[in-house]
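Asks: I'd like to go over a predicted model; first the sequence, then the structure.
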Amino acid sequence: MRYTRVDIAGETGLYATVSRKRSSQVINVEIIAPGRVRKMDVGVGNAREQCVAAEAMQSELDGRPGSAADIRPYQRVIEHFLD
């Protein structure tokens, strides 16, 4: 089994989509808000980019900066796309 796309609905009414095409070395993260879409290309081998994307998803979708415990579920979503 392989994840190709995950959609996340946040507490603020915003959404995020995390996806990766087969054989791509990039995970695509989109944070979708009314009138704007924030796109991030996250390297499969770049732990720092993965952390930045998880932090961005958490703060946008939860509506506030979070602790490591708040950010971790978003990191786990990204980790599904590393294989």
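Replies: Arrived safely. Residues are numbered from 1 along each chain as shown.
Asks: Any chance you could list what contacts the top helix by length along the chain?
Replies: Assignment by DSSP state H gives helix 47-62 as the longest helix of the chain. For helix 47-62, the surrounding residues in contact (CB atoms under 8 Å, 6 or more residues apart in numbering) are 8-12, 14-16, 27, 29, 31, 33, 38, 40, 42-43, 65-66, 70-75, 77-79. All C-beta spots, glycine's among them, are computed from the backbone N, C-alpha and C.
Asks: which element follows it toward the C-terminus?
Replies: Reading on from helix 47-62 to the C-terminus, the next helix or strand found by DSSP states H and E is helix 68-79.
Asks: For that following helix, list every residue counted as buried.
Replies: I71, Y74, Q75, V77, I78 (16 or more other CB atoms under 10 Å).
Asks: For the last one, which non-adjacent residue is closest in space?
Replies: With sequence-adjacent residues excluded and distances taken as CB to CB, 6 or more residues apart in numbering, I78 is closest to Q50, at 5.0 Å.
Asks: Count residues in the vicinity of the one you found, would you?
Replies: 22 (other CB atoms under 10 Å).
Asks: swap in G66?
Replies: So G66, with other CB under 10 Å, has 17 neighbours.
Asks: residues touching it, list them.
Replies: Contacts of G66 by CB under 8 Å, 6+ apart are E55, Q58, S59.
Asks: how about the buried residues of helix 68-79 in JSON lines, adding pLDDT?
Replies: Below are the buried residues of helix 68-79 laid out as JSON lines (pLDDT from 0 to 100):
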{"residue": "I71", "pLDDT": "98"}
{"residue": "Y74", "pLDDT": "98"}
{"residue": "Q75", "pLDDT": "98"}
{"residue": "V77", "pLDDT": "98"}
{"residue": "I78", "pLDDT": "98"}
